[in-house]
Each structure stands twice: as C-alpha cells, then as structure tokens.
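Asks: no FASTA, just this:
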C-alpha cells in the first residue's frame, strides 16, 4: 500500500536515491541516477518518477498566504527562433507564486502547470493554491486580474514598456522562475515538459520549500513515500499526478 509496493530494489538503493535527489543542489536526471545506483535506465527512471510523485502529493495541499507575488511563464519548446513569452508556440505554460514576508524575503513557493491562461483557469488555480486572505500581486495581465477577485486583496503592477526584472516587487518570482528554467534545461535535456511538467515543478517546489532544513530532507521524503499509494510504471508513463 505504499510507493515501495512490488519493488525489487533493495531499500538501501531507495534510500540512496532519496539522498541524491533531495540533497543535490541541482536537479538529478534519471541517467545520472542510473550511474550512481548501478541500475538500468528504466529502473532509474521509474524510481525517479516515483519519488517525484511523492513530492507532488506532499506539496499538493500547500496554500500560500500573506503577500504573494505571482507570474505566468513558459518552458520547453524550441530554444532558438519563434515568439518569446506569452503566445510562444510549442511551450508548456506554468505559474509561479512566491509568498514573501514583511521584509520582502521569500518564504514558500508554488509552481503549477496550466492548460492555458484563461480567466477561469487562473481563478481555479487561485482557489486551490492561495488562502482567501492572501494579498495577491501580479502584472496587469487581464486573466490574472480576474483571478485576483478570489482573494482578499489584489494589486496589479503595469510592467510594459519595462521588463518585470526591472521592478523590485517581481524580483523574487523572476529569480525562482529563472532558476527553475535553468535547472530543467541543464538537467533534463530531452524532457517531455507537456507530459511530465507537473512532477518536475513539484520537485523544485518540494526542495525550495524545505531549503532551510536540508539535513531533514531524506527522512521527510521517506515519510512521504510511505504515505504515497503504489504508482506502477504504466501509470507513471501517462504523466498523470494524483495532486492535479
């Protein structure tokens, strides 16, 4: 009844994988995990995605509160040519939200894939991801403005013709988006972002929200795995996540 069900791997291999996935500063690909554990690539992929599923389910119920700065972004697709940003072809859409304290320092984050940027989609995301008492801050994108009605306070900062990186309020959300994209591009060279993006976002969210207590990450991830239902490879290959 746990993530370990029907696994033929020794628990020591599982524990080693948990350590490598949780403590590595950058993301760890299935190919690297294969080399570290001395297993075949298919086994490493299955193990990696089971751990990502445990992270996704653990983070699915997190709701940000207080002051939250959010922005949508895209990842994947062609690296050169084509339109950039909103409207780019072949890219997967996601939204990043950063909860900041009174001094403007980041506390917790959420990364969620989006099927589109329509108002209804973003309103559903707000209801799932944010506490009703949240003060949400975004740019002046109309669909995000519609979502702002779901929380206690909403503020839109007009970015154009400037870049959002030039506006202090967006500093941290831009930083986490940039780091996330760099980690995905630098580690998962052939990742299918349209199929598996939810799990890779959950991996980044899980680690970032526990960055102040790295020594406890292995034990906490172990705790998450025994609370995660069995996830056979056939189901993992569909790209579905129970938290979606």
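Replies: Alright, I've got the coordinates. Keep in mind that what you see is a predicted model, and the values were worked out from it rather than measured.
Asks: next, the spatially most central residue of the chain: secondary structure please.
Replies: Among the residues of the chain, the one closest to the centroid is residue 201, at 2.1 Å (C-alpha atoms, centre = their mean). What DSSP: H, G, I helix; E, B strand; the rest coil gives for residue 201 is helix.
Asks: same check on residue 136?
Replies: Secondary structure assignment for residue 136 (three-state DSSP): strand.
Asks: buried set for the host helix or strand of residue 219?
Replies: Here residue 219, judged by DSSP states H and E, is contained in helix 217-226. For helix 217-226, the neighbour count (16 or more other C-beta atoms under 10 Å) marks 217-218, 221-222, 224-225 as buried. C-beta coordinates here come from the backbone N, C-alpha and C atoms, glycine included.
Asks: which of those sits closest to residue 114?
Replies: Proximity of the buried residues of helix 217-226 to residue 114 (C-beta to C-beta) peaks at residue 224, which lies at 24.6 Å.
Asks: these two touch, right, the closest one and residue 55?
Replies: Yes: the pair residue 224 / residue 55 is scored as a contact, 6.8 Å apart, by C-beta atoms under 8 Å.
Asks: and the lengthiest helix in the chain with helix 217-226, angle?
Replies: Secondary structure assigned by DSSP state H gives helix 41-59 as the longest helix of the chain. Interaxial angle, helix 41-59 versus helix 217-226 (axes from the mean of the first three to the mean of the last three C-alpha atoms, to 10 degrees): 90 degrees.
Asks: who's in contact with helix 41-59?
Replies: 3, 9, 13-14, 17-18, 21, 28-31, 33-34, 37, 39, 110, 196, 198-200, 202-203, 205-206, 209, 221, 224-225, 227-228, 231, 233, 236, 241-243 (C-beta atoms under 8 Å, 6 or more residues apart in numbering).
Asks: and the next helix or strand past it?
Replies: Past helix 41-59, the next helix or strand by DSSP H and E is strand 67-75.
Asks: and the following helix or strand past that following strand, what's its mean pLDDT?
Replies: Per DSSP H and E, the first helix or strand lying C-terminal to strand 67-75 is strand 92-100. What strand 92-100 shows for mean pLDDT is 95.
Asks: so what does the helix or strand following strand 92-100 touch, helix or strand wise?
Replies: Using DSSP H and E, the helix or strand that follows strand 92-100 in sequence is strand 106-114. The contact analysis (3 or more C-beta pairs under 8 Å, 6 or more residues apart in numbering; DSSP states H and E) places strand 106-114 against strand 92-100, helix 119-129, helix 171-187, helix 193-208.
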